[in-house]
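Asker: Show me how the following folds:
(one chain, ligands or ions: 2)
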Amino acid sequence: MSASEITEVVESLGMPRFTAKQIVFWLYEKRVNSIDEMTDLSKVNRGKLLEKYDVGYVAPVQEMRSVDGTVKYLFATSHDSSVEAVYIPDKERATLCVSSQVGCKMNCLFCMTGKQGFTRNLTANEILNQIISIPESRTLTNLVFMGMGEPFDNIDELMKVLSILTSEWGFAWSPKRITVSTIGHRVGMERFLKESDCHLAVSLHSPFPVERLSLMPVEKAYPEYEIIEKLRQYDFSKQRRLSFEYIMFRGLNDSLRHAEELVRLLKGLHCRINLIRFHAIPDVALRTSDESSMVQFRNYLTRKGIICTIRSSRGEDIFAACGMLSTARTQKMKLRE
Ligand SMILES: C[S@@+](CC[C@H](N)C(=O)[O-])C[C@H]1O[C@@H](n2cnc3c(N)ncnc32)[C@H](O)[C@@H]1O
Ligand code: SF4
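Answerer: Ligands and ions are numbered 1, 2, ... in the order given. This next block holds a predicted model:
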């Protein structure tokens, strides 16, 4: 809950307004696990809160550790569905990749979460719980909303989470440490750009609309040309960063022709490109590009003045492609029934 929502709760229960400040302190500064630990609240007031509320911590139901230190956590969202959060330590950085929905409506060809279909939006509580209930919570330096789901399709809860994370009364994180990744959902993206200072990553995957459409049906609703024209209205040359995600598929989008068209498409836009290796998923005939094609592609873009990096693949041995572990759990639960 935001500070103003907690104030409303306190008032509705007939408690003095300053109790809200105390609760916010216990939740976001002290990070207590239970209302009973809020020791400067009177016993009567703690009792009133306990009748209707709890702190909302829920531990992950499963975890898988990779040899490279990556940890995939699974959070149950019902008896047979779950979402994933992935902890990725890397030298002085410790990033958590967070989910925003159970499944996803967008049905991208290459994505395991897309194959699950859409079940429901996660609540702000369920999104924050991924961040605060893992043992590494206090060591996190960065958050990326690149787990399961389309964050801008769950914009109300996302904005609430970002506000709790970045407000002085909340976790007081710098927005520069948070990146939200989107398929280019226009309505949510506009609201996010207006109301938050966090970084934006847009999943592009081809500079050619017809090819993008063959990978991502959402190209119909949110054409890449329109997304890019919209983004040109914002200033990404200062604190806030704009990046494009580009999965490299062998023989599909990794040619010089693609690199040239990307440069033309993004001309004049202050941005960077992250090249991503494709994590194979079952029953999809796409393959990841080989290392030399990726390096050539990156070098071409770099020569043309675009900051371009090849993202290192992490946790390959623990089903790194998002949605794989949660799909496995759903199948297991269904088999048991
Ligand atoms: C899972 S999505 C979640 C955020 C948002 N829905 C989006 O598409 O940007 C995060 C990133 O993972 C990428 N992705 C999805 N499936 C992948 C796979 N099998 N291999 C590599 N990257 C994948 C997406 O294209 C996107 O750039
Ligand atoms: S890549 Fe993103 S938008 Fe596409 S299906 Fe997966 S989670 Fe949804």
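Asker: can you pull out the helices in the stretch 101-250 of the chain?
Answerer: Taking DSSP state H, counting those that start in this stretch as the criterion, the stretch 101-250 of the chain contains helices spanning 112-116, 124-132, 155-166, 186-195, 209-215, 224-231.
Asker: Mind listing what's buried along the longest one?
Answerer: This means helix 155-166. Across helix 155-166, burial judged by 16 or more other Cβ atoms under 10 Å covers 155, 157, 158, 159, 160, 161, 162, 163, 164, 165, 166. The C-beta positions use only the backbone N, C-alpha and C, and glycine is treated the same way.
Asker: and the longest strand anywhere in the chain, does that touch ligand 1?
Answerer: Longest strand in the chain by number of residues, with DSSP state E as the criterion: strand 82-90. No. Shown here: strand 82-90 not in contact with ligand 1 (Cβ under 6 Å from any ligand atom), separated by at least 9.8 Å.
Asker: hmm, the helix or strand just after that strand touching ligand 2?
Answerer: Downstream of strand 82-90, the first helix or strand assigned by DSSP states H and E is strand 93-97. No. Taking Cβ under 6 Å from any ligand atom as the criterion, strand 93-97 and ligand 2 are apart, separated by no less than 11.5 Å.
Asker: Check which residues of strand 93-97 are buried.
Answerer: Going by 16+ other Cβ under 10 Å, strand 93-97 has these buried residues: 94, 95, 96, 97.
Asker: is the residue nearest to the spatial centre of the chain in a bridge, and if so with what?
Answerer: Centroid-nearest residue in the chain, with Cα atoms, centre = their mean: residue 145, separated by 1.2 Å. With DSSP bridges as the criterion, residue 145 is bridged to residue 180.
Asker: what residues are up against it?
Answerer: Contact partners of residue 145, counting by Cβ atoms under 8 Å, 6 or more residues apart in numbering, are 97, 98, 100, 151, 158, 178, 179, 180, 181.
Asker: List buried members of those by neighbour count.
Answerer: Listed as buried from the contacts of residue 145 are 97, 98, 100, 151, 158, 178, 179, 180, 181; burial here means 16+ other Cβ under 10 Å.
Asker: May I see these arranged in TSV, with pLDDT and distance to residue 211 as well?
Answerer: Shown next, in TSV, are these (pLDDT from 0 to 100; distance: Cβ to Cβ, whole Å):
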residue	pLDDT	distance to residue 211
97	95	26
98	97	29
100	98	26
151	98	24
158	98	29
178	98	31
179	97	25
180	98	25
181	97	20
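Asker: Quick check: residue 160 vs residue 183, distance?
Answerer: Remark: distance between residue 160 and residue 183 (Cβ to Cβ, to the nearest Å) = 21 Å.
Asker: do residue 280 as well
Answerer: According to Cβ to Cβ, residue 280 stands 20 Å off from residue 183.
Asker: neighbour count winner among these two?
Answerer: Counting neighbours by other Cβ atoms under 10 Å for residue 280 and for residue 183 shows that residue 183 has the greater number, 28 against 12.
Asker: In terms of pLDDT, where does that one sit?
Answerer: You'll see residue 183 listed with a pLDDT of 97.
Asker: and it, what is it in contact with?
Answerer: By Cβ under 8 Å, 6+ apart, residue 183 lies in contact with 106, 108, 150, 152, 202, 203, 216, 218, 222.
Asker: quick one, phi/psi of it?
Answerer: Reported as degrees, to the nearest 10, the phi and psi values for residue 183 are phi -80, psi -10.
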